[in-house]
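A.B. asks: Here is my input; please provide its structure:
(2 chains)
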Amino acid sequence: MIEQFDPLKGERLQVLDESGKARASLEPALAAADRRRIYELMVLSRAADAKALKLQRQGRMGTFASSLGHEACQVGTASGLAGGDWFFPYFRDLGAYLTLGYPLDVYYHYWMGNEAGLRTPDGLNIFPLAIPVASQIVHAVGAGMAANYRKLRIAVAATFGDGATSEGDFHEAMNFAGVFKTPNVFVCYNNQFAISVPRSRQTASATIAQKALAYGFGGVQVDGNDVLAVYAAVKEAADRARAGGGPTLIEAYTYRMGDHTTSDDASRYRSKDDVADWEKRDPVLRFRLYLKGKGEWDEAYEKTLQEKTAAVVEKAVEAAEARPAATAEDLFVYTYAAMTPNLQEELADLKESLKGASR
Amino acid sequence: MTRTMAQAINQALAQEMASDDRYVLLGEDVGRDGGVFRVTEGLVDRFGPERVIDTPLAESGAVGAAVGMAALGLRPIVEIQFMGFIYPAFNQIVSHVARLRNRTRGRFAVSLVIRTPYGAGVRALEHHSESTEALFCQIPGLVVVVPSEPAEAKGLLTASLRSDDPVIFLEPTRLYRAEKQEVPDEAYELPLGRARIVREGKDVTVVAWGAMIPVARKAADMAQAGGVEVEIVDLRTLSPMDREAVVGSVKKTGRAVVLHEAPKTCGLGAEIAALIGERALLSLKAPVLRVTGQDITVPLLKSEDDYYPNPERLARAVRRVMEF
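C.D. replies: From the prediction side, this is the model:
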């Protein structure tokens, strides 16, 4: 299906229009329970994100990168993967983390300033989110090379923003992926801004999707505010990867509704009109309208869901804040496989200095 | 059987790869060409192109891919063609390789060896002669190893390959074929994090590694002729450093000269001098001196010997600490 949308002709895959109406020929075959699951994850992602911003303002969380507006990209991408697949996220991927089953309290714990929150629970194939831009894309390619070597039938997905496509690691990753025909799904959340610098300053290409062609594989642009479009494209690309068909680059065209992080003020570099225009394309609202059209959404369901979601988020905050603080040992023991004599001395010295110290 | 260092490294790679299929080797020209120094010669024939992988010409890509391979349980070995070309991979090494274990509290770790030829003395082009080992010693989580002889290279590389920590394995280009030495045929490890005493002496400690060890030996012979006994400590692992070996030797001799090929300022010699100052001050009979490369860009081949520490410069420093 994704071949039907040629990025060189400016074609973009969209399943749901802004009123939530589906193009029947493209509508993925999902059960009602799966549709509701996707919706509930988008709602949870948005609520968890809003809560994180509040906690940051209250001094209970560190700098936070909001996912507002990316719910379709994130939940759609993660929903398109299967058990056994691997995921290499970037730092703005809350919805994907939640969709893949990462506990929200653990996720919060990381952003509250504790590395323990980045310890992926056993059994989940999620690599720790990358902060250095684009550096995770080559990791995903290496994982894909390992999957080929081990003859594992898995897909390996990586996510990144539009700014990442300017980095050398993006190019090196795409190039390796093409050469080694790795089972990768690359999903670029093109949210139009790398902090303040617009997409037009990242590349002179008409689309990011078309870059794939130069690396010898396919690329497709999808509506990043349409969770079904993202899901359908990722699922098809992941199925193809698992079957030995090589990599795919998916450009999810979206908009960052929030600031870059809590340390940013987006009003310095973009207009209210732009933001208002994108509010009309809200990904959660669009999917809600779609469910409503199918008779799978009503006010009572929404009310219950919002209450349930708020409770889940509150519980996660409590759990995150109840998680143990890092000990002095925690800071040292994971530097090497075994503690070195030097680190043992430094740790002993730190503990000595902490005795009776006011913190 | 006697082997060059290049052959000893080749044998270590072959033996570990034969014993465990998690090892894969990747880099530029490591396959058909056997590497520009022929260190990986024959490995692609033996283990196949799935395990001896000629990558596109991209150092960050190769190291970054190795990180992802390690996530899926492989033990990649990356060859960077020359240390002067490792810098495109520096972000991957510093931001991921070195800290993955810590930032995931042990869930993920990179069991990875990055091998690269380094150092001056082979009359190469620009960028082929640097020794910037101190850059890597500043990064917590990395192990930095430099062998000085063929048998040492085999044992240290085997230990590096079996280590669960990421190792930067620096191979002195000058020593690849400088000598042949008896190297045991069977696989063996030499301990990481442990220095060795190359030569015992009671008067002056010389701390050195890699291609500086032969320089130190020559200078020690010159000093011996004048009745001065030099003790040579070969660090072998630069980080984490065997501080006890250094301090123990200096406590015995009371004098120390650090010898390295890298520039003096902020080089490892400064760290070693500080260590001696902290732990052996009252044993010192003279200031700790450093004999190093100059604080300049490594010159082109015609002037290379003016840059590189030689036995005469070291012998002069030994005389100075004796006469202090």
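A.B. asks: just the helices in the stretch 1-150 of chain B please.
C.D. replies: Remark: helices assigned in the stretch 1-150 of chain B by DSSP state H, counting those that start in this stretch are B:5-19, B:43-47, B:59-71, B:90-92, B:100-103, B:133-137, B:150-162.
A.B. asks: That should have said the stretch 151-300 of chain A, apologies.
C.D. replies: A:168-180, A:211-214, A:227-242, A:272-279, A:283-293, A:299-322.
A.B. asks: Put together a markdown table for those helices, with mean pLDDT and mean neighbour count on each row.
C.D. replies: C-beta: built from backbone N, CA, C; applies to glycine. A markdown table is the format used below for those (pLDDT from 0 to 100; neighbours: other CB atoms under 10 Å in any protein chain shown):
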| stretch | mean pLDDT | mean neighbour count |
| --- | --- | --- |
| helix A:168-180 | 98 | 24 |
| helix A:211-214 | 98 | 18 |
| helix A:227-242 | 98 | 25 |
| helix A:272-279 | 93 | 12 |
| helix A:283-293 | 98 | 20 |
| helix A:299-322 | 98 | 14 |
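A.B. asks: which stretch among the ones you listed comes nearest chain B?
C.D. replies: helix A:168-180 (3.4 Å; CB to the nearest CB).
A.B. asks: List the contacts of the closest one.
C.D. replies: A:133-135, A:137-138, A:140-141, A:144-145, A:148, A:158, A:160, A:164, A:182, A:184, A:186, A:211-212, A:215-217, A:246-247, A:249, B:55-56, B:58, B:60-61, B:64-65, B:88, B:91-92 (CB atoms under 8 Å, 6 or more residues apart in numbering or on different chains).
A.B. asks: Emit the ChimeraX select command for whichever of these are buried.
C.D. replies: Filtering the contacts of helix A:168-180 down to the buried ones (16 or more other CB atoms under 10 Å in any protein chain shown) takes a single ChimeraX command:
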select /A:133,134,135,137,138,140,141,144,145,158,160,164,182,184,186,211,212,215,217,246,247,249 /B:55,58,60,61,64,65,88,91,92
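A.B. asks: between the helices of the stretch 1-150 of chain B, which one is nearest to chain A?
C.D. replies: Of all the helices of the stretch 1-150 of chain B, helix B:59-71 comes closest under CB to the nearest CB, at 2.7 Å.
A.B. asks: Return the most buried member of the helices of the stretch 1-150 of chain B.
C.D. replies: helix B:59-71 (a mean of 29; mean count of other CB atoms under 10 Å in any protein chain shown).
A.B. asks: do that one and chain A meet at all?
C.D. replies: Yes: applying CB under 8 Å from any CB of the partner chain, one finds helix B:59-71 touching chain A at B:60, B:61, B:64, B:65, B:66, B:67, B:68, B:69, B:70, B:71.
A.B. asks: Contact partners for the second one?
C.D. replies: Applying CB under 8 Å, 6+ apart to residue B:61 gives the contacts A:138, A:141, A:169, A:172, A:173, A:175, A:176, B:55.
A.B. asks: Could you do the fifth one as well?
C.D. replies: Contacts of residue B:66 were listed using CB under 8 Å, 6+ apart, and they are A:142, B:26, B:76, B:78, B:97, B:110, B:112, B:114.
A.B. asks: Now do the contacts for the closest residue to it other than its chain neighbours.
C.D. replies: Spatial nearest neighbour of residue B:66, excluding adjacent residues (CB to CB, 6 or more residues apart in numbering or on different chains): residue B:76 at 3.8 Å. For residue B:76, the contact set (CB under 8 Å, 6+ apart) comprises A:142, B:23, B:24, B:25, B:26, B:65, B:66, B:69, B:70, B:112, B:113.
A.B. asks: What's the per-residue pLDDT of residue B:76 here?
C.D. replies: Note on residue B:76: pLDDT of 98.
A.B. asks: quick one, strands of the chain?
C.D. replies: Since no chain was named, I'll use chain A. A:12-13, A:86-88, A:156-161, A:184-190, A:193-194, A:197-198, A:218-223, A:248-253 (DSSP state E).
A.B. asks: my bad, chain B
C.D. replies: B:2-3, B:23-27, B:52-54, B:75-79, B:113-118, B:143-145, B:167-172, B:181-182, B:196-199, B:204-208, B:230-234, B:237-239, B:256-263, B:289-293.
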